[in-house]
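In: Sequence and predicted structure, then a few things I'm wondering about:
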Amino acid sequence: LAPSSPRSRPLAAMSMSPMFPIYALSLPTLLIASATVSLHQFKLCFVAFVKVANTSRGNAVWQTVQPVLRDVAFVMENTLGKASSFSPNLTHVLLTSLLLAVVFSAERLRSAIVQTRR
């Protein structure tokens, strides 16, 4: 094969874009920021869920479902602490950003596998 043919170049060199350094440097910051926003959103949903689960007013359907929701809220509060005082710390943020990175990487890997099979 000629040196200029696409087959002779390594696979990494073929797929690396000129924007890769910017991507590599900004990705951790973006992951940490999105993890912070996600944890804050989880806190809001957690507080709202516990508040709704402990509400005793409602129609017959609500009166049927509400004991199950109250039990789920009880388990969540025993696991995570009181909903009103739940405050994610740096460890929570870093673990959430790591989880987001794994999810994004798995999706990129899946799409690369699908593309190679075509």
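Out: Happy to help now that I have it.

In: drop to CA atoms for contacts and neighbour counts, all remaining ones
Out: Fine.

In: In the host helix or strand of residue 46, which residues are buried?
Out: Using DSSP states H and E, residue 46 maps to helix 20-53. For helix 20-53, a neighbour-count test (16 or more other CA atoms under 10 Å) marks 31-32, 34-36, 39-40, 43, 46-47, 49-50, 53 as buried.

In: what's the model's confidence in that helix, averaged?
Out: Confidence for helix 20-53, expressed as mean pLDDT, is 92.

In: helix/strand/coil for residue 58?
Out: The three-state assignment at residue 58 reads coil, by DSSP: H, G, I helix; E, B strand; the rest coil.

In: how many other residues sit next to it?
Out: As a burial measure, residue 58 scores 10 neighbours (other CA atoms under 10 Å).

In: what are the phi and psi values for it?
Out: phi 150, psi 180 (degrees, to the nearest 10).

In: quick thing: my sequence starts at 23, can you match it?
Out: Fine by me, first position is 23 from now on; the one you just mentioned is residue 80.

In: For it, list the residues it contacts.
Out: Applying CA atoms under 8 Å, 6 or more residues apart in numbering to residue 80 gives no contacts.

In: How much space separates it from residue 53?
Out: Distance, residue 80 to residue 53, by CA to CA, to the nearest Å: 40 Å.

In: For residue 68, which non-adjacent residue is closest in space?
Out: Once flanking residues are discounted, residue 68 sits nearest to residue 105: 6.2 Å by CA to CA, 6 or more residues apart in numbering.

In: How about the contacts made by the one you found?
Out: The contact partners of residue 105, taken as CA under 8 Å, 6+ apart, are 65, 68, 69, 72, 99.

In: what's the spacing between the first one and residue 106?
Out: For residue 65, the distance to residue 106 (CA to CA) stands at 9 Å.

In: residues contacting the most centrally placed residue in the chain?
Out: Against the mean C-alpha coordinate of the chain, by CA atoms, centre = their mean, the closest residue is residue 122 at 4.4 Å. With contact taken as CA under 8 Å, 6+ apart, residue 122 is in contact with 53, 57.
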